[in-house]
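Novice: sequence first, predicted model second:
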Amino acid sequence: MQIQIPDIDQFVYPEGEEWLIAHLLQNIKVDDITSVVESSLFKNQFFAGLYNVCYEYITTTGKGNLHFQSVLAVLHSMGKAKEETITYLNHLYALDTRQAPSLDYIIEQLTDLSSRRRLIFSLYTKMNRALDGTTDIKKVIADTEEDLSLLQQGTSKGVEVFLAKDVPERRKAGLMERRDTNSVYTYWDGFDAKLSEGFAPGKMTIIAGRTSMGKSFFKTNLIINMANNGIGVMNVCPEQGFDSEHDRIDAIMTGIHLKVFSKIKNVPIGDPKFEKIKLQQERISTQWNYSCVPTRTITVAGVRSAIRRTKRSGVKVNVVFIDLFDRLDDVNVAKEKTANISRKLMEIERIGDEEKVHIVLLVQVGRATESRKDHRPAMSDLRDCGNYEQDADNIFLLYREGYYNKEIEDNILDVEVVKQRGGNAGWVYQFMIVDKEILAIAPIGEKKFEMQPQGNS
């Protein structure tokens, strides 16, 4: 059985699309248009393409308005300036927009109709997948929630403007919200004493390092500390998967070596280790505000959906860990990866702000550290995207001297705080790796660097 798609062509406003392009070509409130309109609002593909040309012209030239002849020149260079096209654009350029409805009304109507078309098409697709008896219904439900989450964001990129008279009230609300909101900390007292705001709601932390440097087990210890202290933790792990994540958590919590979990079939059923693991699972079930999202194909929009679903179920979410950020499904598909990651970072930041959660991203450091004499990473080594440095509120870089220097024991993890918005940066806190087979770590304290003697000038 196949449901036929409803007639979505009834949800169009062709005159509005035409008037909007006329406003744009005539330089009428260009900023008001480009700040809230995306090409997806247009049903007419000619208008959508033309809008993209105009938008790209403004953003790439840095100019605040359009020059009609320049737009025609761009179309000529693209080979799209046919005679009938130029004639029609001249017609739009000459329209008397004073006869049109207000610009706000046009944009509001186009936004509403675009959302309706997208919703109808999304539900049509999901209903046909649900009717297919071979389709995983849980996947259909999850995808539907993700689509609805995207639709709730809308296509608006609206800009807030606070006039002088509005500032006192808005400032008061912001300060009161800050006062009444508690930050989350690591529960390593010495480390927390150096953190100005901790893991504040709506903010973002980057934990970065080379492969095998300890990002995941540092994250796992953080999760345990926070969850043991009543913090709502979401563990998004598209790389490791559910069992690998909980092997690590159970190893640290029970003191049972990881190799036991990998060879569990060799452990007799009556072994005390099973009872320890069982008690640990009961503790998570009854005492933790915790959720795990191991989906390997999760997208950034899927993260928002997972947060909302978890909250609806009654489990609070204060901190969301994503390990690894570049494993999110829609981060790796763009041809221009740097630009794509920048956009995804912006979306992740928006999710944190909207949902009032702190986002912690685990990120790989580039290979440049391997070719240097000093392998210690720097912010400039963050792979693929300079926006990590720009957008993050905290950046922690992980390093183990013993990993590179075989003459010393590899049991010390350095966590260098290279960025801390509103606090001191450039300091290193050290942790002892208590047991590599368990992955538990214990704080040592701030690393003191010896001052190098200065030569005579």
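Specialist: Perfect, thanks for sending it. Numbering: from 1, shown residues only.
Novice: where does the chain dip in pLDDT?
Specialist: Under the criterion pLDDT under 70, the flagged ranges of the chain are 1, 59-64, 149-150, 152-160, 178, 180-181, 329-339, 383-386, 449-457.
Novice: domain map for it?
Specialist: 8-153, 179-446 (automatic domain parsing).
Novice: with distance to Arg171 and mean neighbour count added, can I get those in JSON lines?
Specialist: In this view, the C-beta of every residue, glycine as well, is placed from N, C-alpha and C. Below are those laid out as JSON lines (distance: least, C-beta to C-beta, whole Å; neighbours: other C-beta atoms under 10 Å):
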{"stretch": "domain 8-153", "distance to Arg171": "23", "mean neighbour count": "15"}
{"stretch": "domain 179-446", "distance to Arg171": "13", "mean neighbour count": "17"}
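Novice: now the ones you listed in a markdown table, with distance to Val161?
Specialist: Below are those laid out as a markdown table (distance: least, C-beta to C-beta, whole Å):
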| stretch | distance to Val161 |
| --- | --- |
| domain 8-153 | 10 |
| domain 179-446 | 18 |
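Novice: looking at these, spot the one closest to Glu169.
Specialist: domain 179-446 (15.7 Å; C-beta to C-beta).
Novice: now the end-to-end length of the closest one.
Specialist: 29 Å (C-alpha to C-alpha, to the nearest Å).
Novice: repeat for stretch 367-382
Specialist: 10 Å.
Novice: name the nearest residue to Ser216, ignoring sequence neighbours.
Specialist: With C-beta to C-beta, 6 or more residues apart in numbering as the criterion, Ser216 has its nearest non-adjacent residue at 5.9 Å, and that residue is Asp323.
Novice: dig out what that neighbour forms beta bridges with.
Specialist: Using DSSP bridges, the beta-bridge partners of Asp323 come out as Leu362.
Novice: that one and Lys215 touch, don't they?
Specialist: Yes - with contacts counted by C-beta atoms under 8 Å, Asp323 reaches Lys215, the gap being 7.2 Å.
Novice: what helices or strands is the helix or strand Glu146 falls within leaning on?
Specialist: Assigned by DSSP states H and E, Glu146 belongs to helix 137-153. Helices and strands touching helix 137-153, by 3 or more C-beta pairs under 8 Å, 6 or more residues apart in numbering; DSSP states H and E, are helix 103-131, helix 300-312.
Novice: could you look up the SS state of Lys219?
Specialist: State at Lys219, reduced to three classes by DSSP: H, G, I helix; E, B strand; the rest coil: helix.
Novice: so who does it touch?
Specialist: The contact partners of Lys219, by C-beta atoms under 8 Å, 6 or more residues apart in numbering, come to 207, 321, 323, 360, 362.
Novice: and the residue lying closest to the second one once chain neighbours are set aside, helix, strand or coil?
Specialist: Right, the one you point to is Phe321. The spatially closest residue to Phe321, leaving aside those adjacent along the chain, is Val360, at 4.7 Å (C-beta to C-beta, 6+ apart). The three-state assignment at Val360 reads strand, by three-state DSSP.
Novice: you'd agree Val360 is up against Asn318?
Specialist: No - judged on C-beta under 8 Å, Val360 makes no contact with Asn318 at a distance of 11.0 Å.
Novice: intersection of neighbour lists for these two?
Specialist: The contact lists of Val360 and Asn318 share Phe199, where a contact means C-beta under 8 Å, 6+ apart.
Novice: ok, Gly174 to Gly202 distance?
Specialist: Here Gly174 is placed at a distance of 11 Å from Gly202 (C-beta to C-beta, to the nearest Å).
Novice: quick one: which of the domains of the chain is nearest Arg170?
Specialist: For Arg170, the closest of the domains of the chain is domain 179-446, at 15.1 Å, according to C-beta to C-beta.
Novice: roughly how far out does the closest one sit from the chain middle?
Specialist: Its chain's C-alpha centre and that of domain 179-446 lie 14 Å apart, by C-alpha atoms, centre = their mean, to the nearest Å.
Novice: quickly find the element holding the residue nearest the centre of the chain.
Specialist: Residue closest to the mean C-alpha point of the chain, counted by C-alpha atoms, centre = their mean, is Ile348 at 2.3 Å. Here Ile348 sits within helix 337-355, counting by DSSP H and E.
Novice: now for that helix, which elements pack on it?
Specialist: Looks like helix 337-355 contacts strand 204-209, helix 300-312, strand 358-364, helix 387-391 (3+ C-beta pairs under 8 Å, 6+ apart).
Novice: which residue, other than its chain neighbours, is closest to Asn387?
Specialist: In space, and not counting its chain neighbours, Asn387 is closest to Ser342: 4.4 Å by C-beta to C-beta, 6+ apart.
Novice: same check, this time on Lys311
Specialist: Closest to Lys311 by C-beta to C-beta, 6+ apart is Val317, at 5.9 Å.
Novice: distance of that neighbour relative to Ile441?
Specialist: Here Val317 is placed at a distance of 25 Å from Ile441 (C-beta to C-beta).
Novice: what does His23 give?
Specialist: For His23 relative to Ile441 (C-beta to C-beta), the value is 59 Å.
Novice: same deal with Leu66?
Specialist: Relative to Ile441, Leu66 is positioned 57 Å away (C-beta to C-beta).
Novice: same check on Ser102?
Specialist: Distance, Ser102 to Ile441, by C-beta to C-beta: 61 Å.
Novice: now swap in Asp381 and tell me
Specialist: 23 Å.
Novice: which element is Glu282 on?
Specialist: Glu282 belongs to helix 272-287, assigned by DSSP H and E.
Novice: by contact count, what packs against the helix or strand following that helix?
Specialist: Moving toward the C-terminus from helix 272-287, the next helix or strand (DSSP H and E) is strand 289-293. In terms of contacts (3+ C-beta pairs under 8 Å, 6+ apart), strand 289-293 is packed against helix 215-228, strand 232-236, helix 242-254, helix 300-312.
Novice: just the CA atoms of the first one, as PDB, please.
Specialist: Meaning helix 215-228. Extracted C-alpha coordinates of helix 215-228, given in PDB (Å, rounded to 0.1, in the frame of the first residue of the first chain):
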ATOM      1  CA  LYS A 215      40.100  11.900  25.500                       C
ATOM      2  CA  SER A 216      37.600   9.200  25.900                       C
ATOM      3  CA  PHE A 217      38.700   8.000  29.300                       C
ATOM      4  CA  PHE A 218      39.000  11.600  30.600                       C
ATOM      5  CA  LYS A 219      35.400  12.100  29.400                       C
ATOM      6  CA  THR A 220      34.300   8.800  31.100                       C
ATOM      7  CA  ASN A 221      35.700   9.900  34.400                       C
ATOM      8  CA  LEU A 222      34.000  13.300  34.000                       C
ATOM      9  CA  ILE A 223      30.700  11.600  33.300                       C
ATOM     10  CA  ILE A 224      31.000   9.400  36.400                       C
ATOM     11  CA  ASN A 225      31.900  12.300  38.600                       C
ATOM     12  CA  MET A 226      29.000  14.400  37.400                       C
ATOM     13  CA  ALA A 227      26.400  11.600  37.400                       C
ATOM     14  CA  ASN A 228      27.400  10.500  40.900                       C
END
